[in-house]
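Q: Next come a sequence and a model predicted from it.
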Amino acid sequence: MSTIRTQFGPVANFGITLNGLAAGTARSSVKIENQNSRYIDAICQFKIKTATGTFGDRYAVYFFAWGAADDASPVFPAGITGVDEAVSVALETLSIRPIGSLYVAAAGAVISPPFSVAPAFGNVLPPVWGVLVINRCGVALDVSDNLGFWRGTEFEVS
């Protein structure tokens, strides 16, 4: 009889510059190509370190997933281009699916729980995907020690 188990890929860092991310701004990651690895899901986690200041009424950093079904000529939503860059937060951003948020009410470092990315796409990762991070905690992120990483998940049959 065969056994089906979850198998995790290697840990990889997101290509995204979170250090110094100003309050009220957003940043998109470099696209992650999934057409060869064919992961069904990705588990991601973030370390956020804020600078000192007065925290806003939303007190959180928000994480969204974006993707494209066409890996040869991907077209992304909300002005995202698939590179590490600042993105204007507009109403169109609401079309991108949230994958999690991290409550931040005081200066210092906090670690997010692991977030599953596939539910943003109907429970299967697309051929190309990435994350968008929106800082709504009211203060800038520190100039160091902010990062995000992920691991692909797949099924193993033995």
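A: Okay, I see it. Residues are numbered from 1 along each chain as shown.
Q: got the residue ranges for the strands in this protein?
A: 4-13, 26-28, 32-33, 41-50, 60-68, 85-87, 97-103, 108-111, 115-116, 128-136, 147-157 (DSSP state E).
Q: now the ones you listed in CSV, with distance to residue 122?
A: The C-beta positions use only the backbone N, C-alpha and C, and glycine is treated the same way. Below are those laid out as CSV (distance: least, Cβ to Cβ, whole Å):
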stretch, distance to residue 122
strand 4-13, 19
strand 26-28, 21
strand 32-33, 18
strand 41-50, 11
strand 60-68, 11
strand 85-87, 23
strand 97-103, 10
strand 108-111, 28
strand 115-116, 12
strand 128-136, 12
strand 147-157, 16
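Q: burial measure for residue 52, as a count.
A: 11 (other Cβ atoms under 10 Å).
Q: I'd guessed it sits against residue 139; true?
A: Yes: contact between residue 52 and residue 139 holds when scored by Cβ atoms under 8 Å: they sit 7.2 Å apart.
Q: which residues do those two both contact?
A: residue 107 (Cβ atoms under 8 Å, 6 or more residues apart in numbering).
Q: Could you check the pLDDT of residue 91?
A: At residue 91, the predicted lDDT confidence score is 59.
Q: Equivalent analysis for residue 36, please.
A: 89.
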